[in-house]
Every structure is written in structure tokens, then in C-alpha cells.
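J.: Structure of the sequence below:
(chains A and B)
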Amino acid sequence: MNDNGHLVPAPDAAVAPVSGDDRFQDPGLPPHVHRLADTDPRAAKRAERQVVALFALSAIATILFLVFYFAIDPESTVFVPFMGAVKAMNLALGVTSAACLFFIGIGAVHWAKTLMPDAEVAEERHELRSSDADRAKAVGLLQDGAQSAQLDRRPMLKVAAGGALSLFALPFVVQIVGSLGKKQPKGVIDELKSTIWDIPKTGPNANKAIRLVRDPVLTPIKAEEVTIGSVFHVLPETIKESEHVLEDKGKAAVLMMRLNPTDLKVQKAKDWGYEGIVAYSKICTHVGCPVGLYEQVTHHLLCPCHQSTFDITNDCEVIFGPAKRPLPQLKITVDDEGYLVAPQGFTEAVGPSFWSRS
Amino acid sequence: MNALAAKRRHPATLAVVLFLGLLVTGGVYTLFAPKTAGATAVAAETVDAGHKLFLANCATCHGVNAQGTKDGPSLIGVGAAGVDFQVSSGRMPMLSPNVQAPRTEPIKYSEEEVAAMAGYVASLAPGPAIPGEKYTNGSIGDAAKGGEIYRVNCAMCHNYAGSGGALTRGKYAPSLTASDVTGQRIYEAMLTGPQSMPVFNDMNVSPQEKADVIAFIDHLQTQPSEGGMNLGNMGPVPEGLFVWIFGLGSLILCAVWLGQKAA
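T.: Below you'll find the predicted structure:
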């Protein structure tokens, strides 16, 4: 750097080592290697033509973009090897806009690499520590500022400001710390433990068993419609009056299958079913994905997220994967008209474990 | 090579160019190599002929009276639809013992022979019948409604875009995007619940709803990919792989080129 702080290029020869210290010799810079464009005027001309060509490519791509935008039918498709049939408009606009931007960059970089100066410069590194005069000046400024703000005459200002600032973090901290641990705000744990399969004790539907309806058409299901090997994706009929459909569906989704009653090995599972029809919660007890993959032949339920596998013949016991608890079963029976109903809700919380579950 | 090129080319250039040439040649061969011809079938008709075909091709594993053996389940009650689906998609007779019978080409039997075998099995006990043309060609189906039904009942195994998916222990749900997944086979598969697939009988998913699903799957098969290469519609894993290998790779190559001194 010269005295004005501007960079100047070093001379061609190796820079002579400059240091005030004899412990380590500054090796200086390696000798400068010239590029072809520096020494050979034909190479420089060639580089110029290349840069112009790259910029021209970008310009052509831009013009092509505009042409394609108006000329191509948005519905047309082209077949591209390795890609299959793709929308022509998408392909054309994508390629041309990418080329337009890319070649501007490439052209500029090629110009810099071949034609712009590339000589090494030595930038002197001054000491980091400021001069004593500067330091004294900075301290003086701070002290003047404190004095003009009357902090030295009126210490209560300091106390009050410090107090207010330190208290200001409290609302945030209290909420974070307060939400940890067993004691939750009122209602949260109850919400986790309940689903809309629970029969209400009061109101117009008090003590009435809830009908099972099929997702997504929400029509009730008769027992004889469920043949061996079938799987039905089931919701409670009360989902139709729900105000928070997704939240309720996220806990109430149920999978119902019919097996040969002799295949069900656990008596409770048979009792809670109806002639081989059993209903289990679809929400995986691991992290909560819907366990929808029913393998009819092996009677396994597979969760697609982490591959927890549940064996229906054994009351949905976990036979593989990270889930630690079997899927909760929903007790079902049949009402007077032959439709499948649930006379009680789930007897345990559905879905993944949480601290206050038991 | 001239003096200019001598300053530019890396010593490994020749090896890389040869390797690329091999890749291109191999790829072109794979694309244009002639396929083997299928075997010709012998014509046959009537349920009696179906019985004879059954005894010749199916009885080894399914039993002389279709009652099932340890190698194959009973076919009593699977109906004409079950046989038509399994045989016309090439899954049966199973070529080798395996966890799952895959869809295969070429089909050994003519349409008459398949119909004969289906007729024979249907005569053993009542079962699902081959669906009529009305519901299987998808034209009366509403693809939007079919999509909703598909996403609730089918997408968890067959993927949101019909690309198929894995089940446990080597079983899988096949992809539905091939053109030989016809409306009739889709209907029959839903009706009979082949292999690991559960049964979606006409009381669960009505014939009209099945037609809706067929219309939706038709749409999946014919709709071109809007955004370009869809990488099999398998979700974030192949897309991430693509970005990491090609996207990041090209960015790294650009960065390397940026930092190099010009010749």
C-alpha cells in the first residue's frame, strides 16, 4: 500500500522480504507467471472473441426466451431422452432463462481471468492495536457521553435502567421454563387423552354409540359389507359436526379389517371386535404417522415412516420397528339396523407417548 | 497436439474421454437393442379346455381341485376376476418361488385361454366376476373424486403418484404408471385383493367410485410431467440425491473453475 492507502501492483521480480523481525524470514511471493493473453496478442484476441461469444450466447438465450414465451403452446409436450414427456414451455423457458443468466456470469469471469490484470499485490498489515492517543480519545468520548447524560450526577438512572432491562427477559423465560415438566396448563393433557370417539355424557348425543363412517365419503358401514380381507378407513360420524376437522381426524382415524375369527389369538381382541371385524387406531404409537399399510396375507400393519410393524392377529403387538406400544383397539359392535357402531371411546390415549400418558 | 493444447490438457483427459465414450456407446446400445420375441400361444376355448389348462399349468401348486396346497392358496371363490387379473398380467403361473409374484411380459396365454381358465375357476364356486366395460374404461369416472378416494385408500402403499412402494420382507406395491395397468386390471385388483393388497369390494368402494379411481390412475399415466424430469415421483430422497450430486456437483465444478488461473 502506498501512503494514500491505495493498492499498487508489486514489481515483476520476487518481492524482497521486508520485516522488522529476524526470527522468521519473509519468503516473499513466488515469481509471477504470465498468462497467454499477457504475452501473445493472438491469444488475447482469441480470449476477447471467446468473451464476446459468451455474452452473445446469453443475448441469444434471452431473445429465444421471449420467442418461446409467445410462440409455444402451453399445453404441448416434447419427449426428451432420459426425462420422458415434459411440458415444452417449461423446458424451453427454463433452459433459456438459465442460459441467459449463466453466460453473463461465465463471460464476465472469463474476461477477468484472461484479460483483466492478475498481478499479485502485497497489502501491508498494520498493527491491530490502535495508537495510545486514539485510545485515550475513545475513552474520553465515552466519559463525555456519560457526563452529558448526567449519569454521574444521577445514579438512580443507572439503577432504574439496569433493573428494567434485566426484568424484561422474565416473561420469555417464565413461559419456556414453565412449560417443561409434568404440570401442564389446564386441558392440554385432557385433550391428548381424549378423541371424538369418546361418548359425551351430556347434550343431544349423550350416551349414544357413535357410528363408524368410511373416509372420505362419510357413509355408515354395515357389518356384512366388511368381507374377509377388506380394510376400511374409518372415522366417527361426529366428525361431520366437528369444528376442527383436521385436529380431530388426527386422533380419531381408525383402521377396520375383517379376519377369520380363528386367526385372532387374543380373546380381548375378539371380544372387542364383531365376528372377526376388528378396529384399531391408525395413529402410530411411535411418532404419529397413519399406519395405513395393511398386508392382507400376513395380517400385518406397516407404518411407512419408520417401519413399525404391528401384528393384528396378536392384538396389534409390535413385531418390528421403533414403536414400543401396540395400537389401541376400538371396541365395536352392531346397532339395531346392522350398522357398525363404537359403544365406547378408546380406553387409552392414542398415538405417541407423552410424559403424562399413564 | 500443438503447443497451445499441450499447455491446456490434463494428463488424465484421454482416460476420461474414453470412459465417456464407453458410457455413451453402452447407453445407446441399451436403448436400441432388439428385444426378444414372445412365445406363440396355442388356441383353446370352453370351460373344459379351461380345466385342462388348469391341470397343466396351475394344479401343481394350487391342487388338482383348486383346493390349495402348501405351495399355493385355494382358488375356490376367487372368481373369474381373480384369475383374469393374475394370469393376464403375467403374475401367474409364478415363474419361480418368491415372496411376491411380479407383473411379467410376455403373457403365455391368449385371451381365449385366459377366459377359459377364468370360466373354469368361476364354475367351482361363486366369486367376483370380470367387470363390464362401462366401469373399467374410466370415461364415466371423475378423476378429482377418484384422486380423493385414491389418497385415502391407495396412496399409502402405491405412492401419491402411483409410483409404487415397499412393504415388509421384500413384498411391494407395484407401480401403476405403466400403460399395461389397464382399467379392467385395476378394477379386478381392487375387487379381489391380490397377494398383500386388501380387498376393496363393491360395497366399500362402489363401482362408480372404482371408475373414478380408474379415471384418476389414467390421468397419472397420461399426464406429462409439468416441471420436467419427475425422477419417478418418489419424493424427497431422489430429488435430494439429484440436487446433491448434480446440482452441488456442478456448483463445485464452477467453483473449481473460478479459482483456477487462466492458461
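J.: mind listing the helices for the stretch 101-250 of chain A?
T.: Chain-ordered helices for the stretch 101-250 of chain A, with DSSP state H, counting those that start in this stretch as the definition, fall at A:132-148, A:155-167, A:170-178, A:188-193, A:245-252.
J.: Contacts for the fourth one next, please.
T.: Meaning helix A:188-193. Helix A:188-193 is contacted from outside by A:349, A:354, A:356-357, using CB atoms under 8 Å, 6 or more residues apart in numbering or on different chains. All C-beta atoms are positioned from the backbone trio N, CA, C, and that covers glycine.
J.: got the contact list for the helix or strand hosting residue B:152?
T.: Element membership for residue B:152 (DSSP states H and E) is helix B:143-153. Contact partners of helix B:143-153, identified using CB under 8 Å, 6+ apart, comprise A:215-217, A:231, A:233, B:160, B:200, B:205, B:209, B:211-219.
J.: ok, now stretch B:207-223?
T.: A:217, B:131, B:134-147, B:149-150, B:154, B:161-162, B:176-179, B:181, B:183, B:186-187, B:190-191, B:200, B:202, B:205.
J.: now do stretch B:249-263
T.: Contact partners of stretch B:249-263, identified using CB under 8 Å, 6+ apart, comprise A:33, A:35-37, A:47, A:109-110, A:113-114, A:118, B:7-8.
J.: now do stretch B:79-86
T.: B:75, B:91-92, B:101, B:114-115, B:117-119, B:121-122, B:126-131, B:184-185, B:187-189, B:191-192, B:194.
J.: picking that back up, and the two most separated of the contacts of helix A:188-193?
T.: Farthest-apart pair in the contacts of helix A:188-193 is A:349 and A:356; separation 9.2 Å (CB to CB).
J.: Tell me which of those two has more neighbours.
T.: The neighbour count for residue A:349 versus residue A:356, taken as other CB atoms under 10 Å in any protein chain shown, is higher for residue A:349 (22 against 14).
J.: Can you show me the strands along the chain?
T.: Since no chain was named, I'll use chain A. Across chain A, reading from the start of the chain, the strands by DSSP state E fall at A:77-80, A:84-87, A:210-214, A:219-220, A:231-236, A:254-258, A:277-281, A:293-295, A:300-302, A:309-311, A:317-320, A:329-330, A:333-334, A:340-342.
J.: actually chain B
T.: Counting by DSSP E, chain B has strands at residues B:165-166, B:172-173.
J.: and the residue most central in space within chain B, how far is that from residue B:232?
T.: Most central residue of chain B, judged by C-alpha distance to the mean C-alpha position with CA atoms, centre = their mean, is residue B:175 at 4.3 Å. When distance is defined by CB to CB, to the nearest Å, residue B:175 is 8 Å away from residue B:232.
J.: Also residue A:22?
T.: For residue A:22 relative to residue B:232 (CB to CB), the value is 68 Å.
J.: Looking at the two, which is more packed in?
T.: Taking neighbours as other CB under 10 Å, residue A:22 and residue B:232 compare with residue B:232 leading, 14 against 6.
J.: on that earlier part again, now the common contact residues for residue B:175 and residue B:232.
T.: When contacts are counted by CB under 8 Å, 6+ apart, the set common to residue B:175 and residue B:232 consists of residue B:163.
J.: Which positions in the stretch 201-350 of chain A make contact with chain B?
T.: Taking CB under 8 Å from any CB of the partner chain as the contact definition, the stretch 201-350 of chain A meets chain B at A:214-217, A:222, A:224-233, A:257, A:290, A:292-298, A:300, A:302, A:304, A:307, A:309, A:320.
J.: Model confidence at the nearest residue to residue A:285 once chain neighbours are set aside, what's the number?
T.: In this structure, residue A:285 finds its nearest non-sequential neighbour in residue A:325, 4.4 Å apart by CB to CB, 6 or more residues apart in numbering or on different chains. At residue A:325 the predicted local confidence, pLDDT, stands at 95.
J.: Residue B:67 contacts residue B:61, correct?
T.: No: Residue B:67 is beyond contact range of residue B:61, at 11.6 Å (criterion: CB atoms under 8 Å).
J.: what separates the closest residue to chain B within the stretch 251-358 of chain A from residue B:233, distance-wise?
T.: For the stretch 251-358 of chain A, the residue closest to chain B is residue A:292, as judged by CB to the nearest CB, at 3.7 Å. Distance from residue A:292 to residue B:233, counting by CB to CB: 18 Å.
J.: When the two are compared, which one has more neighbours?
T.: Set residue A:292 next to residue B:233 and count neighbours by other CB under 10 Å: residue A:292 wins out with 21 against 17.
J.: With just CA atoms, put stretch A:339-358 into CSV.
T.: Extracted as CSV, the C-alpha positions of stretch A:339-358 are listed here (Å, rounded to 0.1, in the frame of the first residue of the first chain):
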residue,chain,number,x,y,z
TYR,A,339,-74.5,-50.6,11.1
LEU,A,340,-71.2,-50.8,12.9
VAL,A,341,-71.0,-48.6,16.0
ALA,A,342,-68.5,-47.9,18.7
PRO,A,343,-70.2,-48.1,22.2
GLN,A,344,-67.2,-46.6,24.0
GLY,A,345,-64.2,-44.5,23.1
PHE,A,346,-60.6,-45.6,23.3
THR,A,347,-59.6,-46.8,26.8
GLU,A,348,-56.1,-45.4,26.4
ALA,A,349,-54.5,-42.3,24.8
VAL,A,350,-53.9,-42.8,21.1
GLY,A,351,-50.7,-42.0,19.3
PRO,A,352,-47.2,-41.4,20.5
SER,A,353,-46.2,-41.4,24.2
PHE,A,354,-46.1,-38.2,26.2
TRP,A,355,-45.0,-37.5,29.7
SER,A,356,-48.3,-37.7,31.5
ARG,A,357,-49.7,-40.5,29.5
SER,A,358,-50.3,-43.0,32.3
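J.: and it, average pLDDT?
T.: On average, the pLDDT along stretch A:339-358 is 91.
J.: Quick check: buried residues in the longest helix along chain B?
T.: Criterion DSSP state H: the longest helix present in chain B is helix B:13-32. If you call a residue buried by 16 or more other CB atoms under 10 Å in any protein chain shown, then helix B:13-32 has no buried ones at all.
J.: same deal with stretch B:193-206?
T.: Applying a neighbour-count criterion of 16+ other CB under 10 Å, one finds B:193-202, B:204-205 buried in stretch B:193-206.
J.: Rank the contacts of stretch B:249-263 by pLDDT and give me only the lowest.
T.: Least confident by pLDDT among those: that is residue B:7, with 66.
J.: so which of the contacts of helix A:188-193 comes closest to residue A:167?
T.: Taking CB to CB as the measure, residue A:167 sits nearest to residue A:356 out of those, at 31.9 Å.
J.: The closest one: what's its closest spatial neighbour, skipping adjacent residues?
T.: Once its chain neighbours are removed from consideration, residue A:356 has its nearest residue in residue A:189; the separation is 4.8 Å (CB to CB, 6+ apart).
J.: State the pLDDT value of the one you found.
T.: Residue A:189 is given a pLDDT of 85.
J.: and what of residue A:143?
T.: At residue A:143, the model reports a pLDDT of 95.
J.: low-scoring stretches of chain A, by residue?
T.: Under the criterion of pLDDT under 70, the regions of chain A flagged as low confidence span A:1-21, A:182-185.
J.: repeat that for 80
T.: Counting by pLDDT under 80, the ranges of chain A that qualify are A:1-22, A:28-29, A:82-84, A:122, A:178-186, A:358.
J.: Repeat that for the stretch 101-250 of chain B.
T.: B:106, B:227-228.
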